[in-house]
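K.L.:
After the sequence you'll find the predicted model.
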Amino acid sequence: MYNIKLLNKISPVGVGQFDDQYLVGEDVEKEDGVLVRSASMHEYELNDNLKAIARAGAGVNNIPLEKCSNEGIVVFNTPGANANAVKELVLCGLFLSSRKVVEGIDWVKTLKGNEDAAKLVEKGKSQFVGPEIEGRKLGIIGLGAIGVHVANAAIKLGMEVYGFDPYISVNAAWGMSKWVKNAQNVETIFSECDYITLHAPSTKETKGIINQESIAMMKDGVRILNFARGDLVNAQDVLTAIDSGKVAKYITDFATPDIIDHENVIVMPHLGASTPESEDNCARMAVKEIKDYLESGNIVNSVNFPTINEPRTTKYRICLIHKNVPNMLAQFATLLANQEINIENMVNKAKDDYAYTIIDTNDVVGTKEFESLENVIKVRVVE
Ligand SMILES: NC(=O)C1=CN([C@@H]2O[C@H](COP(=O)(O)OP(=O)(O)OC[C@H]3O[C@@H](n4cnc5c(N)ncnc54)[C@H](O)[C@@H]3O)[C@@H](O)[C@H]2O)C=CC1
Ligand SMILES: O=C(O)CCC(=O)C(=O)O
């Protein structure tokens with residue numbers, strides 16, 4: 001029996017994949033696994049039984065990754081599962097940044113009950129004129145699942161698209177329109193583009209990437225979109241630039257008290273992934289990842305441990321999470337040899353400071369001797 005704790009509302013399409021081997025709910029204790037969306041886990045107590053956390057979504061800045069790695073807790077996310085939903089909202093944001101639709105709608109509401117509303121609208125609408133996006137330059141920072149979707153859609157809308165991503169994956173590059181221009185540095189995006197949209201994760205490198213200095217490089221009247229994370233943007237610097245007219249509009253999915261209700265800022269309530277399709281996709285993928293790991297020891301789409309996806313062929317699988325240091329495999333093999341246990345299959349992979357080894361065997365094996373080895377973090381045998 002496995003216990004799964006839900007820290008947010010997770011789509012029943014995903015949760016329904018757990019069978020009667022699982023106890024699933026918000027009040028479950030001694031959890032083997034956690035399913036989470038955006039709830040912060042930085043203050044969450046990681047119990048000794050916790051083996052895996054699956055983030056039904058992309059960004060993992062709500063999870064204490066280093067602590068999880070140190071304790072041998074595998075953290076998964078669901079790459080690409082909500083990318084189309086975010087792309088569609090970014091396109092919406094692009095139009096809202098250009099055409100004064102929100103302001104116009106708010107103004108029309110003030111005419112409620114006015115007999116002359118139709119006439120007043122025709123007279124007053126000129127205050128809501130905004131430019132078309134066709135032919136304008138869009139700069140995209142971060143060309144992963146979302147950035148590539150946005151780039152391809154913007155090309156189809158007739159925009160000239162520049163992309164910047166120093167760590168672009170081969171897969172993302174394969175999926176991107178050949179018409180997207182490769183910006184060699186982020187300054188090109190800042191200085192060339194009429195619209196700038198952020199699609200990189202929140203990291204030491206990207207936090208505050210939009211600030212007084214980068215805004216100074218931008219064109220007058222630039223429009224900035226942030227559907228990535230709030231802390232990529234220095235909000236005070238953007239507000240100052242909005243007040244001076246340097247930035248025409250700031251559209252964001254992240255509400256902070258200082259920006260809400262500021263003129264020329266549109267704040268959405270973190271709606272990027274809020275479509276039924278995306279919620280189902282993310283939940284389905286997150287549940288599959290956690291089930292595969294708990295039931296077979298396989299790791300796919302982890303952000304802190306390497307991928308190992310080996311079919312089960314033996315009665316037992318020893319799953320060893322350990323530090324990425326020399327001589328671990330020799331110690332594991334010796335330990336098993338001393339007990340006359342035969343290894344049918346053994347796979348080891350490393351990711352940064354951590355490594356994962358699975359050993360398949362048909363002989364009964366205990367975990368104690370492995371646990372006593374230096375640099376071993378977590379040991380489990382799945383049957
Ligand atoms: N508003 C919302 O509801 C949502 C927001 N997000 C945010 O969007 C981010 C991106 O999501 P995905 O595209 O699915 O992730 P992804 O992992 O597919 O793509 C992120 C891309 O950013 C690039 N990158 C990393 N550091 C960079 C840097 N310094 N400069 C430029 N590019 C850099 C990576 O190489 C990668 O290609 C997430 O990390 C999350 O914070 C994601 C989903 C929903
Ligand atoms: O689950 C959500 O609604 C947030 C999605 C998100 O921000 C992400 O996937 O990074």
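P.N.:
Here it is on my side, so go on. Numbers count the residues shown, from 1 in each chain. Ligands and ions are numbered 1, 2, ... in the order given.

K.L.:
What residues of stretch 204-217 count as buried?
P.N.:
206, 208-211, 214-215 (16 or more other Cβ atoms under 10 Å). Where you see a C-beta, it was placed from the backbone N, CA and C, and this is true even at glycine.

K.L.:
for stretch 130-149, same thing?
P.N.:
Applying 16+ other Cβ under 10 Å to stretch 130-149 flags 130, 133, 136-149 as buried.

K.L.:
For ligand 1, give me its nearest residue in the stretch 251-383 of the chain.
P.N.:
Nearest residue of the stretch 251-383 of the chain to ligand 1 (Cβ to the nearest ligand atom) works out as Gly272 at 2.5 Å.

K.L.:
Scan this structure for its longest helix.
P.N.:
helix 276-296 (DSSP state H).

K.L.:
pLDDT averaged over that helix, what's the number?
P.N.:
Averaged across helix 276-296, the pLDDT comes to 98.

K.L.:
same deal with stretch 41-49?
P.N.:
97.

K.L.:
again with stretch 60-69
P.N.:
Stretch 60-69 comes out at a mean pLDDT of 98.

K.L.:
which bits of the stretch 201-350 of the chain sit near ligand 2?
P.N.:
Residues of the stretch 201-350 of the chain found near ligand 2 (Cβ under 6 Å from any ligand atom) are 270, 272-274.

K.L.:
make it 5 Å
P.N.:
Ala273 (Cβ under 5 Å from any ligand atom).

K.L.:
ranges for the strands of the stretch 201-350 of the chain?
P.N.:
Ranges of strands within the stretch 201-350 of the chain are 222-226, 247-252, 265-267, 316-323, 345-351, based on DSSP state E, counting those that start in this stretch.

K.L.:
Just name whatever secondary elements the first one is in contact with.
P.N.:
For strand 222-226, the packing partners by 3 or more Cβ pairs under 8 Å, 6 or more residues apart in numbering; DSSP states H and E come out as helix 83-98, strand 195-198, strand 247-252.

K.L.:
residue contacts, Leu294?
P.N.:
2, 32-33, 51-52, 382 (Cβ atoms under 8 Å, 6 or more residues apart in numbering).

K.L.:
For the residue of the stretch 101-250 of the chain found nearest ligand 2, which residues are in contact?
P.N.:
Here the residue of the stretch 101-250 of the chain nearest ligand 2 is Arg229; by Cβ to the nearest ligand atom that distance is 7.7 Å. Taking Cβ under 8 Å, 6+ apart as the criterion, Arg229 is in contact with 59, 61, 201-202, 254.

K.L.:
which parts of this protein sit against ligand 1?
P.N.:
58-59, 86, 141-142, 144-146, 165, 167, 199-201, 205-206, 227-229, 253, 272-273.

K.L.:
Show me these that map onto helices.
P.N.:
Per DSSP H, the residues of the chain next to ligand 1 map to helices at 86, 145-146.

K.L.:
which among those residues gets closest to Ile321?
P.N.:
Nearest to Ile321 out of these is Ala145 (Cβ to Cβ; 27.3 Å).

K.L.:
I figured Asp352 hits Lys323, correct?
P.N.:
No: checked against Cβ atoms under 8 Å, the pair Asp352 and Lys323 is beyond contact range at 10.4 Å.

K.L.:
which of the two has more neighbours?
P.N.:
For Asp352 and Lys323, the more surrounded residue by other Cβ atoms under 10 Å is Lys323, and the numbers stand at 15 against 10.

K.L.:
Contacts only, for the nearest residue to the more buried one once chain neighbours are set aside.
P.N.:
Closest residue to Lys323 apart from its sequence neighbours, by Cβ to Cβ, 6 or more residues apart in numbering: Asn375 at 4.1 Å. Counting by Cβ under 8 Å, 6+ apart, Asn375 makes contact with 322-323, 325, 328.

K.L.:
on that earlier part again, could you dump the ones in helices among the residues of the chain next to ligand 1 to TSV with distance to ligand 2 and pLDDT?
P.N.:
Listed next are those as TSV, based on distance: Cβ to the nearest ligand atom, whole Å; pLDDT from 0 to 100:
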residue	distance to ligand 2	pLDDT
Val86	8	98
Ala145	10	98
Ile146	9	98
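
K.L.:
about what we covered before: just the ones in strands from the buried residues of stretch 130-149, please.
P.N.:
Those of the buried residues of stretch 130-149 mapping onto strands are 137-141, per DSSP state E.

K.L.:
Closest to ligand 1 out of the residues you listed?
P.N.:
Ile141 (5.0 Å).

K.L.:
Kindly confirm whether my reading is correct that that closest one touches Thr197.
P.N.:
Yes: between Ile141 and Thr197 there is a contact at 7.4 Å, judged by Cβ under 8 Å.

K.L.:
any idea of the pLDDT on Val365?
P.N.:
89.

K.L.:
Isn't Gly59 up against Pro201?
P.N.:
Yes: between Gly59 and Pro201 a contact is recorded at 5.9 Å, counting by Cβ under 8 Å.

K.L.:
Which residue, neighbours along the chain excluded, lies closest to Gly272?
P.N.:
Val86 (4.1 Å).

K.L.:
And for the one you found, the neighbour number?
P.N.:
Neighbours around Val86, by other Cβ under 10 Å: 26.

K.L.:
Contacts only, for it.
P.N.:
146, 149, 227, 272-273, 278 are the contacts of Val86 under Cβ under 8 Å, 6+ apart.

K.L.:
run the last query once more with 6 Å
P.N.:
For Val86, the contact set (Cβ atoms under 6 Å, 6 or more residues apart in numbering) comprises 146, 227, 272.
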